[in-house]
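*Asks:* what shape does this take:
(2 chains)
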There are 2 protein chains.
Amino acid sequence: MAYELFYWPSIQGRGEFVRLALEDAGADYVDVARGSSKDGLGIRAMMRVMEEAAHPPFAPPFLRDGNVLIGQTAEILLYLGPKLGLVPKSETGCLWAHQIQLTVTDLVAEAHDTHHPLSVERYYEDQKEEAAERAADFRKHRIPKFLDWFETILARNPAGGKHLVGRSTTYADLSLFQIVEGLSYAFPKAMKRILKTTPRVVALHDAVSERRRIKAYLASERRIPFNEDGIFRHYPELDA
Amino acid sequence: MAYELFYWPSIQGRGEFVRLALEDAGADYVDVARGSSKDGLGIRAMMRVMEEAAHPPFAPPFLRDGNVLIGQTAEILLYLGPKLGLVPKSETGCLWAHQIQLTVTDLVAEAHDTHHPLSVERYYEDQKEEAAERAADFRKHRIPKFLDWFETILARNPAGGKHLVGRSTTYADLSLFQIVEGLSYAFPKAMKRILKTTPRVVALHDAVSERRRIKAYLASERRIPFNEDGIFRHYPELDA
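*Replies:* Presented below is the predicted three-dimensional model:
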């Protein structure tokens, strides 16, 4: 049976990390909230699951696999990794991939806060000054700190610096690709500088973009373009 | 062999969620950075692990168990849960406990940002105005949203509303106890109001505080008092 992915239909957002894994594996899945209410899909169908489930996730994305319902992006990937062949079989490998994904999660939350430093309840336009300060800090301190960590763990990988975990592609590699894509969309000037210091991260990003199914996915209509409702937003005034 | 916990020695912070699990289980552990450099412990010993490990965590806390090194609070608990008997044996139970812990992680990050909305590089005193706005939003919207979710999942637990997962105590229960403690320290006025709407959360908090080993731990010197270097800080001007 097809996996059912539940996420907001008009943004890449956190759901994109799951979409990339499903797409790379060629998995059969339904992107529920992007479907039509005529077919029992759409946002209402997603909200209904959250309202009725015994184990309701705090927020999308979540995944249904038969009777199993799983929330939190990193946990969805922890669950899917072995099924999709996107993680090593060893416990150590699974834990390391998950730890990297949890660090991606932290970075994503900080990226979001650059345009919403005061409140998610209010518009960006109502917190632009504070966003400028937070974004400056993010560009100067936080992006370099995170990307330097990714560069370091690539360099220290005993199996060589081409993958984050072991010697083959994991969902962590796909997620780092998405981080580079998202940050480069939001902060093109800053990222152009920063990526010069992280050659292994760049090489991994480029290698992922050339993977057959990823390439096809990125060129398809299933890939929602970045936009200013998502997590990675391009506001020129926040970049430098 | 004793577990080795690595975390900043002068705050509860994120490490406290791990300490509570180890303490409740009566596990043998060394709180490495709180030890003396004469014994090969202390902060330097912690930093050395981060500098040299093949799989360096992005930040403390992390745990060493023989050859296994694990970072990220929620992943440490995912790993320790079965070993400490603080999670059900079923995969569903383990995943649900972990999902709850990941939501605790999100809440902790937001609690931290109430006093550092613009930058972790700068002092609270340099971002007090913005902190007041972020804290007001946190009190009004975010604490109620998170605590309402905990109340809901307690109410929907088919095994009864006394535990978050199944019918016995898990690390998720201990973590919710710590959330209530921390938020009540930081925002006593707001929490007094909000907790009136979440009786199951209050009952679970109270039950955890009466557990034999937790009670002994809380009364011991091993429990670091809350303070204004940690995540949950009491700045009266941020409460109302």
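
*Asks:* walk me through the domains of chain A.
*Replies:* A:3-84, A:91-211 (automatic domain parsing).

*Asks:* any low-confidence regions in chain A?
*Replies:* Within chain A, not a single segment meets pLDDT under 70.

*Asks:* that one: strands as residue ranges?
*Replies:* A:3-6, A:29-31, A:62-65, A:68-71 (DSSP state E).

*Asks:* turn the ones you listed into JSON lines, including distance to A:E23 and mean neighbour count.
*Replies:* (C-beta placed from N, C-alpha, C; glycine too.) Output for the strands of chain A, formatted as JSON lines (distance: least, CB to CB, whole Å; neighbours: other CB atoms under 10 Å in any protein chain shown):
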{"stretch": "strand A:3-6", "distance to A:E23": "11", "mean neighbour count": "23"}
{"stretch": "strand A:29-31", "distance to A:E23": "9", "mean neighbour count": "18"}
{"stretch": "strand A:62-65", "distance to A:E23": "14", "mean neighbour count": "22"}
{"stretch": "strand A:68-71", "distance to A:E23": "18", "mean neighbour count": "21"}
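
*Asks:* those strands into JSON lines, with extra columns for distance to A:Q99?
*Replies:* What follows is the strands of chain A, written out as JSON lines (distance: least, CB to CB, whole Å):
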{"stretch": "strand A:3-6", "distance to A:Q99": "23"}
{"stretch": "strand A:29-31", "distance to A:Q99": "25"}
{"stretch": "strand A:62-65", "distance to A:Q99": "20"}
{"stretch": "strand A:68-71", "distance to A:Q99": "18"}
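
*Asks:* which residues touch the spatially closest residue to A:Y185 that is not a sequence neighbour?
*Replies:* Nearest non-adjacent residue to A:Y185, counting by CB to CB, 6 or more residues apart in numbering or on different chains: A:F226, 4.5 Å away. Contacts here follow CB atoms under 8 Å, 6 or more residues apart in numbering or on different chains; on that basis A:F226 touches A:Q12, A:E181, A:G182, A:Y185, A:A186, A:F232, A:R233, A:H234.

*Asks:* out of the domains of chain A, which comes closest to B:D239?
*Replies:* domain A:91-211 (17.1 Å; CB to CB).

*Asks:* now do the end-to-end distance for the closest one.
*Replies:* 26 Å (CA to CA, to the nearest Å).

*Asks:* and it, how far out from the chain middle?
*Replies:* Relative to its parent chain, domain A:91-211 has a centroid offset of 9 Å by CA atoms, centre = their mean, to the nearest Å.

*Asks:* and for stretch A:2-20?
*Replies:* For stretch A:2-20, the distance to the chain centre is 9 Å (CA atoms, centre = their mean).

*Asks:* in that stretch, which residues are buried?
*Replies:* Of the residues in stretch A:2-20, A:3-9, A:11-20 count as buried by neighbour count, 16 or more other CB atoms under 10 Å in any protein chain shown.

*Asks:* please apply the same query to stretch A:203-211.
*Replies:* Quick answer for stretch A:203-211 (16+ other CB under 10 Å): A:L204, A:H205, A:V208, A:R211.

*Asks:* quick one: contacts for the first one?
*Replies:* In this case it means A:L204. A:L204 touches A:L154, A:K162, A:H163, A:L164, A:D173, A:L176, A:F177, counting by CB under 8 Å, 6+ apart.

*Asks:* what do you get for the second one?
*Replies:* For A:H205, the contacting residues are A:L176, A:F177, A:V180, A:E181, taking CB under 8 Å, 6+ apart as the criterion.

*Asks:* which among these gets closest to chain B?
*Replies:* When the contacts of A:H205 are ranked by distance to chain B (CB to the nearest CB), A:L176 comes first, at 13.2 Å.

*Asks:* wait, isn't the closest one in contact with A:T103?
*Replies:* No. The pair A:L176 / A:T103 is not scored as a contact, 10.0 Å apart, by CB atoms under 8 Å.

*Asks:* more neighbours: which of those two?
*Replies:* Between A:L176 and A:T103, A:L176 has the larger neighbour count (other CB atoms under 10 Å in any protein chain shown), namely 25 against 22.

*Asks:* hang on, the earlier thing: filter the contacts of A:F226 down to just the ones in helices.
*Replies:* A:E181, A:G182, A:Y185, A:A186 (DSSP state H).

*Asks:* which phi and psi does the nearest residue to the second one once chain neighbours are set aside have?
*Replies:* Residue nearest to A:G182 in three dimensions, not counting chain neighbours: A:F232, with 3.4 Å by CB to CB, 6+ apart. Here the main-chain torsion angles of A:F232 (degrees, to the nearest 10) amount to phi -90, psi 110.

*Asks:* residues near A:F232, how many?
*Replies:* 25.

*Asks:* what's the answer for the one 4 residues further on, then?
*Replies:* With neighbours defined by other CB under 10 Å, the count for A:P236 comes to 9.
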